[in-house]
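Peer 1: can't give you the sequence, but here's the structure:
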């Protein structure tokens, strides 16, 4: 019976409902993965899924077989579409959702040789944070530090717009690294602030050196105290009449320029 | 009495409600601008507002004076917060919303000397389209062509995430330019497709030549027939284990590299 996964414990449905609450997720150290892309990426990254729910409609899709085979025995449960819709966070659910433990924060191995880091100062929009994580994971950023006031990286919206990039990159909170600033100085990592009123264009940064780039809040930019700590303030030259970039696009400019310099062996 | 704007015609409330419908907006050639940023940018760009509604709470904010002064006489109306909430499209409305005419599509002046264009092939996500418009406006892209199947550029979501970049850049539908492809060939504009399986890295494109970059659909990329039409297929080199970029970030890579080459007088 258990092997057929026909028995769905009522406490599981309750747990999926509670996963909408940040407080519950944080207490339990768990995250909710909704949709084909996220579940697939979790399995590729060898993240263990505690449980998985799917609808009969999902089971009929070609992608289902590969996906359900990757989940441990007795951990995948078929649920009726109405119950599923009551659990799903998206408007057009894809019929698959899973719970997994949030990755451990390996702060001991956070800083690497020739690393390139992002430090995010109060990024508010979950879509922006997810897109930054996605771009960073694709372009081999060494790690991301989230400063106080940044939106919850384990919220369903951030996970979805990260498209699973989340599984491939170390992400820590500033509280996890006692005095991140001291750490950066000790490791001789140059600290650069993205700042529209900066001194040099972002493409004149010498990425030969280990580098950390501070990306600031969507409306206020990098905080004043932090700006003073940065060795270099770099801007993105813009020639339009209109000159505000989205925070995720600004982060991408620095990430991709670092990648370009590495590709061209300028480093 | 009219000067005090105390008389709010009932038909106006009805019109704001109807503006949620794409069909109505398209028929009337109007767009809805919600929030401080969009209304402010419209006034800066000298776009004429047909009407504007605001709440008493908004009128008390410092930004209100400047903003309301920019609206023509007898066109701004105070409405109670409950009526306003029933009109607003955002979850946390800022208490100001306006209706304006969609800009005329100046296809006669669309192609320019040494131009740099984006051609968007079935971009689906309103947030992505808005972000692309925002980045393009900030970095002086000459114009954007929207191919069939691209999401409505006048939808409230696109307008909001464009942050008003929309007002500063010519945007046309492919139907507006009879045979855009012939036009591009005639003007000797090189046609480049953004393609993860492309031949050269995006930063090796020679932006000295007038250039148009094709950006494709979020899941399928640039369509097959279009790919064959492109002279060059260019990719964004990624070194992560994970290699999917958001469409707005991919567009930004091309836009900012074009800007970088222009800044450095490589062009």
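Peer 2: The structure has been received and is ready for your questions. These numbers come from a predicted model, not from an experiment. Residues are numbered from 1 along each chain as shown, chains lettered A, B, ... in the order given.
Peer 1: What distance do you get for residue A:112 to chain B?
Peer 2: 14 Å (C-beta to the nearest C-beta, to the nearest Å). (C-beta placed from N, C-alpha, C; glycine too.)
Peer 1: Confirm for me that that residue is in contact with residue A:142.
Peer 2: Yes: judged on C-beta atoms under 8 Å, residue A:112 makes contact with residue A:142 at a distance of 5.1 Å.
Peer 1: okay, these two: which has more neighbours?
Peer 2: Shown here are residue A:112 and residue A:142; by other C-beta atoms under 10 Å in any protein chain shown, residue A:142 has more neighbours (20 against 13).
Peer 1: distance of the more buried one from chain B?
Peer 2: 11 Å.
Peer 1: quick one: contacts for that residue?
Peer 2: Shown in contact with residue A:142 (C-beta atoms under 8 Å, 6 or more residues apart in numbering or on different chains): A:111-112, A:115-117, A:170.
Peer 1: now swap in residue A:48 and tell me
Peer 2: Contacts of residue A:48 by C-beta under 8 Å, 6+ apart are A:72, A:100-101.
Peer 1: can you pull the pLDDT of residue A:177?
Peer 2: pLDDT recorded at residue A:177 is 81.
Peer 1: Then residue A:264?
Peer 2: Residue A:264 is given a pLDDT of 85.
Peer 1: For residue A:207, see how far away it is.
Peer 2: Going from residue A:264 to residue A:207 by C-beta to C-beta, to the nearest Å gives 11 Å.
Peer 1: between those two, who's got more neighbours?
Peer 2: residue A:207 (21 against 12).
Peer 1: So that one sits against residue A:115, correct?
Peer 2: No: if you go by C-beta under 8 Å, residue A:207 and residue A:115 don't touch, sitting 11.0 Å apart.
Peer 1: anything in stretch A:25-36 near chain B?
Peer 2: No: Stretch A:25-36 does not reach chain B (C-beta under 8 Å from any C-beta of the partner chain); its nearest approach is 10.9 Å.
Peer 1: avg pLDDT for that stretch?
Peer 2: Average pLDDT, stretch A:25-36: 93.
Peer 1: which other residues reach that stretch?
Peer 2: Here stretch A:25-36 has contacts from A:16, A:19-20, A:39, A:42, A:49-50, A:63, A:67, A:88-90, A:93-94, A:96-102, A:152, A:154-156, A:159-160, using C-beta under 8 Å, 6+ apart.
Peer 1: Need the pLDDT of the residue nearest to residue A:49 when sequence neighbours are not counted.
Peer 2: Among residues not flanking residue A:49 along the chain, residue A:98 sits closest, at 4.6 Å (C-beta to C-beta, 6 or more residues apart in numbering or on different chains). On pLDDT, residue A:98 comes in at 95.
Peer 1: Then residue A:134?
Peer 2: Listed pLDDT for residue A:134 reads 95.
Peer 1: Same question for residue A:6.
Peer 2: pLDDT, residue A:6: 57.
Peer 1: Test my guess that residue A:232 contacts residue A:201.
Peer 2: No: judged on C-beta under 8 Å, residue A:232 makes no contact with residue A:201 at a distance of 11.0 Å.
Peer 1: about what we covered before: the residue nearest to residue A:49 - that's part of a strand, no?
Peer 2: Yes: using DSSP: H, G, I helix; E, B strand; the rest coil, the assignment for residue A:98 is a strand.
Peer 1: tell me the contacts of residue A:136?
Peer 2: So residue A:136 contacts A:118, A:144, A:165, A:169, A:251, A:255 (C-beta under 8 Å, 6+ apart).
Peer 1: ok, and of these, which contact chain B?
Peer 2: A:165, A:169.
Peer 1: and which of the contacts of residue A:136 is nearest chain B?
Peer 2: Proximity of the contacts of residue A:136 to chain B (C-beta to the nearest C-beta) peaks at residue A:165, which lies at 5.4 Å.
Peer 1: which strands and helices sit next to the lengthiest helix in chain A?
Peer 2: Ranked by number of residues, the top helix in chain A under DSSP state H is helix A:247-263. When contacts are defined as 3 or more C-beta pairs under 8 Å, 6 or more residues apart in numbering or on different chains; DSSP states H and E, helix A:247-263 packs onto strand A:116-120, helix A:126-138, strand A:190-194, strand A:211-215, helix B:126-138, helix B:247-263.
Peer 1: I'd like those as JSON lines, with distance to residue A:184 appended.
Peer 2: Putting these into JSON lines (distance: least, C-beta to C-beta, whole Å) gives the following:
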{"stretch": "strand A:116-120", "distance to residue A:184": "8"}
{"stretch": "helix A:126-138", "distance to residue A:184": "17"}
{"stretch": "strand A:190-194", "distance to residue A:184": "6"}
{"stretch": "strand A:211-215", "distance to residue A:184": "6"}
{"stretch": "helix B:126-138", "distance to residue A:184": "30"}
{"stretch": "helix B:247-263", "distance to residue A:184": "26"}
